[in-house]
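Student: Any chance you could fold what I've pasted below:
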Amino acid sequence: MIGDLFDSPWKILIVAVLLIVLFGSKKLPDAARSLGRSMRILKAEVTNLHADDEEPQAASQAQPLPVSQQIEQLQQQVRDLQQQPASETVTVNGASAPQAPRTQQPG
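Tutor: Numbers count the residues shown, from 1 in each chain. I've put the predicted structure just below:
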């Protein structure tokens, strides 16, 4: 539809005259300048949005640890937690919380 609007020079001239009549010759340069600024801001935001989308893809391409190493790390964390005295506080997500008393489970 918009492609049909600007297919002849007469239509462009009519649109230009309407803009001059609506905005006036003094306000038209300011309106065009504001439109240009808005277009630059929009282009920069779209570029940043595409850059943000590419970063997680690069991070996901990093090689994960093999399962055996992950299991070993988790087992080491369990051993470290079991060696802590019951009265110590445990840090959970950066905040200290008193540790609950341990109970032995049958088995």
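Student: Show me the helices in the chain, by range?
Tutor: Taking DSSP state H as the test, the helices found in the chain are 2-5, 9-60, 67-83.
Student: Mean neighbour count and mean pLDDT added to these, as a markdown table?
Tutor: The way it works is simple: take the backbone N, C-alpha and C, and place the C-beta from them, glycine included. Putting the helices of the chain into a markdown table (neighbours: other CB atoms under 10 Å; pLDDT from 0 to 100) gives the following:
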| stretch | mean neighbour count | mean pLDDT |
| --- | --- | --- |
| helix 2-5 | 8 | 66 |
| helix 9-60 | 10 | 83 |
| helix 67-83 | 10 | 88 |
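Student: so what's Q73 up against?
Tutor: L65 (CB atoms under 8 Å, 6 or more residues apart in numbering).
Student: So it versus K26, what's the distance?
Tutor: 70 Å (CB to CB, to the nearest Å).
Student: Equivalent analysis for A32, please.
Tutor: A32 is 12 Å from K26, by CB to CB.
Student: Name the residues contacting each of those two.
Tutor: Joint contacts of A32 and K26 (CB under 8 Å, 6+ apart) do not exist.
Student: List phi and psi for Q84.
Tutor: Phi and psi for Q84, reported as degrees, to the nearest 10, are phi -70, psi 140.
Student: Quick check, pLDDT for it.
Tutor: pLDDT, Q84: 78.
Student: And for it, the neighbour number?
Tutor: 12 (other CB atoms under 10 Å).
Student: how near is it to Q77?
Tutor: 11 Å.
Student: what do you get for S68?
Tutor: Distance from S68 to Q77, by CB to CB: 15 Å.
Student: One more: L35?
Tutor: 58 Å.
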